[in-house]
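Asks: Next comes the sequence, and after it the predicted model I'd like to discuss.
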Amino acid sequence: QLQLVESGGGLVQPGGSLRLSCAAAGFDLGYYAVGWFRQAPGKEREGISSISSSGGRVNYADSVKGRFTVSRDNAKNTVYLQMNSLKPEDTAVYYCAADWSPAGSWSSEAEYDYWGQGTQVTVSS
């Protein structure tokens, strides 16, 4: 069964940090580009970051640039999203997604073949 599983979400105070993990089961994530998306209550899901299969190319939305860092460890079949200087507006459900053949926009949901179930991140004092 092909599966992506996110973990690492939780409640954190403004200014704090979290590291999300996206682990693949049933397939080699090393062949896939991976995107991170988030969906806040009442808002559409938005792409916030992506990383190429080799890790050599990364992308960030302006809203997270300079605060979030995406990385991957293909030996562990896992992609990470390090989130620093968190703000209340970062509160959302965070999803990872895998793209076998990147061709279009990294932030387009239609690009991705497999999705995780999401992990909640809440930034609040």
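Replies: Yes, it's here.

Asks: If the nearest residue to Leu86 once chain neighbours are set aside is in a bridge, with which residues?
Replies: In space, Leu86 comes closest to Val123 once its chain neighbours are excluded; the distance is 4.6 Å by CB to CB, 6 or more residues apart in numbering. C-beta coordinates here come from the backbone N, C-alpha and C atoms, glycine included. When bridges are assigned using DSSP bridges, the partners listed for Val123 are Val12.

Asks: residues touching Val123, list them.
Replies: Residues in contact with Val123 (CB atoms under 8 Å, 6 or more residues apart in numbering) are Val12, Gln13, Pro14, Gly16, Leu86, Lys87, Pro88, Glu89, Asp90, Thr91.

Asks: and the third one, which of the three is it?
Replies: State at Pro14, reduced to three classes by DSSP: H, G, I helix; E, B strand; the rest coil: coil.

Asks: Hmm, it is touching Glu89, no?
Replies: No: under the criterion of CB atoms under 8 Å, Pro14 makes no contact with Glu89, lying 9.8 Å away.

Asks: more crowded one of these two?
Replies: When Pro14 is set against Glu89 and neighbours are counted by other CB atoms under 10 Å, the residue ahead is Pro14, at 13 against 10.

Asks: Doesn't Trp106 belong to a strand?
Replies: No: secondary structure of Trp106, determined by three-state DSSP: coil, with no strand assignment.

Asks: Show the contacting residues for it.
Replies: Remark: with contacts taken as CB under 8 Å, 6+ apart, Trp106 is in contact with Ala33, Gly35, Gly47, Ser50, Asn59, Asp99.

Asks: same check, this time on Leu86
Replies: By CB under 8 Å, 6+ apart, the residues touching Leu86 are Val12, Pro14, Gly15, Gly16, Ser17, Leu18, Arg67, Val121, Val123.

Asks: which one is the third one nearest to, not counting chain neighbours?
Replies: Same thing as Gly15. Skipping the residues right next to it in sequence, Gly15 comes nearest to Ser85 by CB to CB, 6+ apart, at 6.1 Å.
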